[in-house]
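Peer 1: Sharing a sequence plus its predicted fold:
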Amino acid sequence: MNPSGLEALIEALRCLPGIGPKSAQRLAYHLMQHDRAGAARLGDAIQHALQAIRHCQRCNTFTELDICERCASPRRDPSLLCVVETPVDMNMMEQTQAYQGLYYVLMGRISPMDGIGPRDLALERLLARASDGLVREVILATNYTNEGEATAHYIMAMLKARDINVTRIARGVPVGGELEYVDAGTLAQALRERKLLGSS
């Protein structure tokens, strides 16, 4: 027996991260009871996104073009390639306004527990991108989780085998942070990665 339209909507909303059965039910009833026009816009926007959005041929992020605006920009430094896990991570890097190079978005990370291995990330595309003759440094900006560390280690070994310069973003005390409130692991890492004052 097929579920009713309302049941199907509730079940569909549950695919969103952080949305459990009760939240999905609350959202579905809200849309049907208070904002049917909003529900229609939401449905149209999702349908349009599914049809129009694809992966950039160079950096693998989401775009409606073959080459995204960042990759096409002449103002970006093509010698720097920053590797991130997701488009959200790329946006966070952009918000720092401290990086003007290009990106490669993995769309995931190596996670054996979830059945995701190196082949699932299509790392051969990253290798080809990093070997294009323009890239001088690959900056690994994967998350400092077990999966992110494993991903960074695998990519570093893969790129080093091709004599490509690889760096890793540092860990440490957050700007404006007080030592009293920093966890011991972060503080220990900041101590290990300390720099001589006056050095670049």
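Peer 2: Perfect, I can see it now.
Peer 1: switch to C-alpha atoms for all contacts and neighbour counts from now on
Peer 2: Noted.
Peer 1: for the protein, which strand is longest?
Peer 2: strand 77-84 (DSSP state E).
Peer 1: Now the most centrally placed residue in the chain. Nearest residue, chain neighbours left out?
Peer 2: Nearest to the geometric centre of the chain sits residue 86, at 1.3 Å (Cα atoms, centre = their mean). In space, residue 86 comes closest to residue 107 once its chain neighbours are excluded; the distance is 5.0 Å by Cα to Cα, 6 or more residues apart in numbering.
Peer 1: quick one: that neighbour and residue 120, what's the gap?
Peer 2: To residue 120, residue 107 is 10 Å away according to Cα to Cα, to the nearest Å.
Peer 1: do the same with residue 99
Peer 2: Taking Cα to Cα, one finds residue 99 at 28 Å from residue 120.
Peer 1: now do residue 189
Peer 2: Distance from residue 189 to residue 120, counting by Cα to Cα: 31 Å.
Peer 1: Now do the contacts for residue 83.
Peer 2: Contacts for residue 83 (Cα atoms under 8 Å, 6 or more residues apart in numbering) come out as 103-106, 138-142.
Peer 1: Now render those residues as a markdown table, adding secondary structure and neighbour count.
Peer 2: Converted to a markdown table, these look like this (DSSP: H, G, I helix; E, B strand; the rest coil; neighbours: other Cα atoms under 10 Å):
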| residue | secondary structure | neighbour count |
| --- | --- | --- |
| 103 | strand | 24 |
| 104 | strand | 26 |
| 105 | strand | 24 |
| 106 | coil | 23 |
| 138 | strand | 24 |
| 139 | strand | 20 |
| 140 | strand | 24 |
| 141 | coil | 20 |
| 142 | coil | 24 |
